[in-house]
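# Dropping a prediction and its sequence here:
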Amino acid sequence: MQIKLVSYSFLAGILLGFMFDIYKVFRGYENIYKLLIVIEDILFWILAAIIIFIFLLYTNQAVIGLYVYLCMAVGIYMYFRTISRKFTALQSKINFYVVKILRILAKYISYPFRIFLDKIKKIK
């Protein structure tokens, strides 16, 4: 039982690091509004706390002790030391190509409408 509790707490830490990397890439660094950043951060940590609580609730009946926090901290530390950089780089590349594909699709989809609007402008 204790090994299961420790391993699930460790996995919860890895899950939290994974969620933080996803949030970090999607939030970006261009946001200049400090109040918006604070609100986004608060909402992220509330959502992360709910998800981690639900994860711990299903895996170990939400037993929250000091060792659970320590194992989560070790999980987060191990995630950031081993996987985080590679995952963030991969996620950034995927986001870049997805945005590029969406821009190209939007350009091709809007092309007939632009031609139609140009013809209407020429008629007037």
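It's in.
# For S92, grab phi and psi.
The phi/psi pair for S92 (degrees, to the nearest 10) reads phi -60, psi -40.
# which element is the nearest residue to it once chain neighbours are set aside on?
Spatial nearest neighbour of S92, excluding adjacent residues (C-beta to C-beta, 6 or more residues apart in numbering): V25 at 5.8 Å. (Glycine included, C-beta is placed from N, CA and C.) Of the helices and strands defined by DSSP states H and E, V25 is found in helix 2-27.
# Which elements pack onto that helix?
On a contact count with 3 or more C-beta pairs under 8 Å, 6 or more residues apart in numbering; DSSP states H and E, helix 2-27 meets helix 34-60, helix 66-82, helix 84-123.
# in the longest one, what counts as buried?
Meaning helix 84-123. Along helix 84-123, these residues count as buried under the neighbour rule (16 or more other C-beta atoms under 10 Å): S84, F87.
# Restricting to C-alpha, output stretch 24-38 in PDB.
The C-alpha trace of stretch 24-38 is given here as PDB (Å, rounded to 0.1, in the frame of the first residue of the first chain):
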ATOM      1  CA  LYS A  24       3.900  27.600 -20.300                       C
ATOM      2  CA  VAL A  25       4.100  26.900 -24.000                       C
ATOM      3  CA  PHE A  26       0.500  28.000 -24.700                       C
ATOM      4  CA  ARG A  27       0.700  31.100 -22.500                       C
ATOM      5  CA  GLY A  28       3.800  32.300 -24.300                       C
ATOM      6  CA  TYR A  29       6.100  35.100 -23.300                       C
ATOM      7  CA  GLU A  30       4.700  38.000 -25.300                       C
ATOM      8  CA  ASN A  31       1.900  38.900 -22.900                       C
ATOM      9  CA  ILE A  32       2.600  42.300 -21.600                       C
ATOM     10  CA  TYR A  33      -0.400  42.700 -19.300                       C
ATOM     11  CA  LYS A  34       0.800  41.800 -15.800                       C
ATOM     12  CA  LEU A  35      -2.800  41.500 -14.500                       C
ATOM     13  CA  LEU A  36      -3.700  39.100 -17.200                       C
ATOM     14  CA  ILE A  37      -0.600  36.900 -16.400                       C
ATOM     15  CA  VAL A  38      -1.600  36.900 -12.700                       C
END
